[in-house]
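In: can you look at this prediction? I've put the sequence above it.
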Amino acid sequence: MLFYSIGLGIPFVISVVLMEKLKNIFNFIKKNYGIIKKISGLILIIMGIYVMF
């Protein structure tokens, strides 16, 4: 149980330590949300076509 808790908590500790970088990444995502959304949709369509064949 101890190792499970440590493994579950590590991503949270890392995100707190790297919060400034994460803020920059979130700002980038906010600015480019429309483009990211279109590219993600295109990737989903391509993967769906790929799975069909």
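Out: Looks like it came in fine. All values reported here derive from a predicted model rather than from experimental measurement.

In: and the closest residue to Ile29 other than its chain neighbours, how far from Asn27?
Out: Spatial nearest neighbour of Ile29, chain neighbours left out: Ile36 (6.4 Å); criterion: Cβ to Cβ, 6 or more residues apart in numbering. Using the backbone N, CA and C atoms, a C-beta is placed for each residue, glycine as well. Computed as Cβ to Cβ, to the nearest Å, the Ile36 to Asn27 distance reads 13 Å.

In: between these two, which one's more packed in?
Out: Ile36 (13 against 10; other Cβ atoms under 10 Å).

In: who touches the helix or strand hosting that one?
Out: Ile36 is part of helix 33-52 when elements are defined by DSSP states H and E. Helix 33-52 has contacts (Cβ atoms under 8 Å, 6 or more residues apart in numbering) with Ile29.

In: buried sites along that helix?
Out: The neighbour-count check on helix 33-52 (16 or more other Cβ atoms under 10 Å) flags nothing as buried.

In: please shift the residue numbers so they start at 59 in all later answers.
Out: Okay, residue one is now 59; in that scheme the one you just asked about reads as helix 91-110.

In: hey, C-alpha coordinates of it in PDB?
Out: Extracted C-alpha coordinates of helix 91-110, given in PDB (Å, rounded to 0.1, in the frame of the first residue of the first chain):
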ATOM      1  CA  TYR A  91      -7.000  25.900 -28.500                       C
ATOM      2  CA  GLY A  92      -8.800  26.100 -31.800                       C
ATOM      3  CA  ILE A  93      -5.800  24.800 -33.800                       C
ATOM      4  CA  ILE A  94      -5.100  22.000 -31.200                       C
ATOM      5  CA  LYS A  95      -8.800  21.000 -31.400                       C
ATOM      6  CA  LYS A  96      -8.800  20.800 -35.200                       C
ATOM      7  CA  ILE A  97      -5.500  18.800 -35.300                       C
ATOM      8  CA  SER A  98      -6.800  16.400 -32.600                       C
ATOM      9  CA  GLY A  99     -10.000  15.900 -34.500                       C
ATOM     10  CA  LEU A 100      -8.100  15.200 -37.700                       C
ATOM     11  CA  ILE A 101      -5.900  12.700 -35.900                       C
ATOM     12  CA  LEU A 102      -9.000  10.900 -34.500                       C
ATOM     13  CA  ILE A 103     -10.500  10.800 -38.000                       C
ATOM     14  CA  ILE A 104      -7.300   9.400 -39.500                       C
ATOM     15  CA  MET A 105      -7.000   6.800 -36.700                       C
ATOM     16  CA  GLY A 106     -10.700   5.800 -37.200                       C
ATOM     17  CA  ILE A 107     -10.100   5.200 -40.900                       C
ATOM     18  CA  TYR A 108      -6.900   3.300 -40.100                       C
ATOM     19  CA  VAL A 109      -8.800   1.000 -37.700                       C
ATOM     20  CA  MET A 110     -11.500   0.300 -40.300                       C
END
